[in-house]
Each structure stands twice: as structure tokens, then as C-alpha cells.
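Peer 1: Here is a sequence together with a model predicted from it:
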Amino acid sequence: MSDIIRETGKRCRNWGRWGPDDERGTLNYITPEAIVEAARLVRRGAVFSLAIPFDAKGPQIDQPRRFNPIHRMMITGPDCTTGAIRFPGGIGFSDDMVIMPLQCATQWDALSHCFEDGRMYNGYDANEVSSRGAKRNGIDKVASGVAARGVLLDMPRAKGVKWLEPGYAISAGDLDAAVAAQRVTIRSGDALLVRTGHMTLCKDRGGWGSYAGGDAPGLSFHTADWIHQHQIAAVASDTWGMEVRPNEIADSFQPLHQVCIPNMGLTIGEIFFLDDLAEDCARDGVYEFFFVAPPLPITGAVGSPINPLAIK
């Protein structure tokens, strides 16, 4: 069944589309004119953070490589008030640090995050991602971030349910139906946010459970052509891995990633908190907004934590 993955990847491949040295991929669809138009979507000054808290209570449970953020203080108030650390003139300071995998909470995948047959987006050798980091397609190459027209597709509301059940594969037809139900259009250069309600389900059950890596609703592998044809700049969802789990294709792991990242050059976001934004969109009937989500320009990183903002 891997043939269908490679065939779809070749069909959706953007290698060379923006030149032989490109490392931005589908973010190239976001033109200066599109950013100006997106900024005009701000009407009320309502700002929605789409990030979950970065703390020890996060979703990375029983994951072999990813763990939740560890926050540690380096200088505290008592250090200063007790005289353990002294600064002149009565002034005091506090400092802290965080230890965490860059993709343990709300985050972007860099184009160096996923390979196919030893190649990254635009044909670069996967060996260029070494112990020193990513020489090509690192997250720092898109430091200007994602500033674009954002569109929320609220799949549970479109279907009249609280959440999509784990394992539900969102089809291209489902996406079109949500577009029609929400009376929104999809344009080249959009950042597409897909709410599945999976975080709502976790909240209802009282904990993250198997959220990280377990069964989840998500985009079907067969939406790759839809994404490609609509010239989407970035896709993000409220799930751990964006695409449906269990994966639809036997003997594969995240097959939609395999098409979207190394072939299409699509920026993918995961673990987005979309519930508050969805409630607001349902109230005012406006599912488009100015979306701003710059990554941290960590040199050579293959992902980045973010605090994405939807501004209406």
C-alpha cells in the first residue's frame, strides 16, 4: 500500500516550484498583498490564543521521546530577600528556564521534520539533518512566520455533534461541507485550522488520556489533493498528529505527513486549542480572521513551540 503514498506525494510535489533553493514551501503562497488583506479582517480587536499551557500537565503521556515542559527557577524572590543573591541598591531579579522537546505542546513542524526515501522537501538530502541540527529546511528559515488569512473549519459543529469520534477520517467532502455550512471561502495562501473537538473530548473525560499518539479524529490521507489544489499555506488542528489515527494505510506511519511535508512542503501545526475561537465564530458567524503564528527562530530546529493568535 505504500505505492499510493508515493504516487500521491509525486502528484502533490512542489519541489522546484519556488526555485531550487527554496526552504519555505507552501508559505510562499502567502503574498504581501494577501497579508494586507488578512490584516483588514480585524474588526473588533478580539484576540484568541490558540496555544495550550506549556506546563507539566501537558498531553505528552507515556511518550518515549517527547515529554511535557519542565519549568525551573534559577533566581527567586527569596534568593533576593534573604540576601542569598545580592544586587546593589536594593534591586532584585528573578530568572527561570524551561527544558522541553520543541514539539511537546502547540507547535509547528519544520520542513526538516519528515523525510521520504531519504529526501526532504525540495529534494534536499535527509542527512543534512544531523546532530548539529537541520542545515536545510530548519524552522529558522521561516522566522518571518505565518501571518495570513486564517480560516477555521469547525467539523463537529458542521456535523451537529460535540466532537468527532477517535478514528474518524475527515474527507475532502467533509471539508467542502463545512466550508458551505460556515459560508466561508478557501483562498490561496490561507492558514487552515481544522477543529475536530478532540480536546473537548479529553476535557469531558477529565484528562489527556491517550491524546498523544492514540486514536484520534483527523484529516484523511485522501485530503492531500484537496490541500494541494487549494494552495493552502499551512494546516493545523487540535490533535496530536493532525491526521486520523489509526492511520488508514497499512504498514505506514503518518502517511499524510509523508505527502505534505517532504513532498508538498506544507507547514503543519498540531495541538492547537481551538474551542474558544470556535465558540466565537459560531456566535458571530465569521470563520475568517487575521492569523499570526511566528515560530521561535531556533537555528537548525525541526519544529518550534508557538502561541498562535487569531485576531477578529
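Peer 2: Looks like it arrived, so ask away. Residues are numbered from 1 along each chain as shown.

Peer 1: State the distance from residue 191 to residue 46.
Peer 2: From residue 191 across to residue 46, the span is 17 Å (Cβ to Cβ, to the nearest Å). (C-beta placed from N, C-alpha, C; glycine too.)

Peer 1: Which one's more surrounded, the two?
Peer 2: residue 191 (28 against 13; other Cβ atoms under 10 Å).

Peer 1: all strands of the stretch 201-312 of the chain, in order?
Peer 2: 218-219, 234-237, 267-270, 288-292, 303-305, 309-311 (DSSP state E, counting those that start in this stretch).

Peer 1: which of the ones you listed is buried the deepest?
Peer 2: strand 218-219 (a mean of 30; mean count of other Cβ atoms under 10 Å).

Peer 1: Now do that strand: which elements does it pack against?
Peer 2: Secondary-structure packing of strand 218-219 (3 or more Cβ pairs under 8 Å, 6 or more residues apart in numbering; DSSP states H and E): strand 169-170, strand 234-237.

Peer 1: Can you pull the poorly scored residue ranges out of the stretch 1-150 of the chain?
Peer 2: 1 (pLDDT under 70).

Peer 1: where along it do the strands fall?
Peer 2: With DSSP E, counting those that start in this stretch as the criterion, the stretch 1-150 of the chain has strands at 47-49, 70-75, 95-99, 107-109, 129-130, 133-134, 147-154.

Peer 1: ok, residues contacting the first one?
Peer 2: Judged by Cβ atoms under 8 Å, 6 or more residues apart in numbering, the contacts made with strand 47-49 from elsewhere in the structure are 273, 276-277, 280, 307-312.

Peer 1: Could you identify the most distant pair in those?
Peer 2: 280 and 307 (17.6 Å; Cβ to Cβ).

Peer 1: So if I had to pick from these two, which one is more boxed in?
Peer 2: residue 280 (18 against 14).

Peer 1: Next, the contact list for that one, please.
Peer 2: For residue 280, the contact set (Cβ under 8 Å, 6+ apart) comprises 46, 48, 312.

Peer 1: And for residue 266?
Peer 2: Taking Cβ under 8 Å, 6+ apart, we find residue 266 in contact with 25-26, 227, 232, 234-235, 260.

Peer 1: returning to what we had before: which one of the helices and strands packed on strand 218-219 lies nearest to residue 13?
Peer 2: When the helices and strands packed on strand 218-219 are compared by Cβ to Cβ, strand 234-237 sits nearest residue 13, at 16.8 Å.

Peer 1: Counting by contacts, list what that closest one packs against.
Peer 2: strand 191-195, strand 218-219, strand 267-270.

Peer 1: about what we covered before: of the strands of the stretch 1-150 of the chain, which approaches residue 58 most closely?
Peer 2: strand 70-75 (10.5 Å).

Peer 1: buried stuff in that closest one?
Peer 2: Within strand 70-75, not a single residue qualifies as buried, counting by 16 or more other Cβ atoms under 10 Å.

Peer 1: roughly how far is that strand from the heart of the chain?
Peer 2: Its chain's C-alpha centre and that of strand 70-75 lie 27 Å apart, by Cα atoms, centre = their mean, to the nearest Å.

Peer 1: Give the other helices and strands that it contacts.
Peer 2: strand 95-99.

Peer 1: Between strand 70-75 and the strand it packs on, find me the angle.
Peer 2: 160 degrees (axes from the mean of the first three to the mean of the last three Cα atoms, to 10 degrees).

Peer 1: give me every residue that touches residue 10.
Peer 2: Here residue 10 is in contact with residue 263 (Cβ under 8 Å, 6+ apart).

Peer 1: so where's the stretch 201-312 of the chain uncertain?
Peer 2: Along the stretch 201-312 of the chain, no part satisfies pLDDT under 70.

Peer 1: Show me the helices in it, by range?
Peer 2: Counting by DSSP state H, counting those that start in this stretch, the stretch 201-312 of the chain has helices at residues 224-229, 255-259, 275-284.
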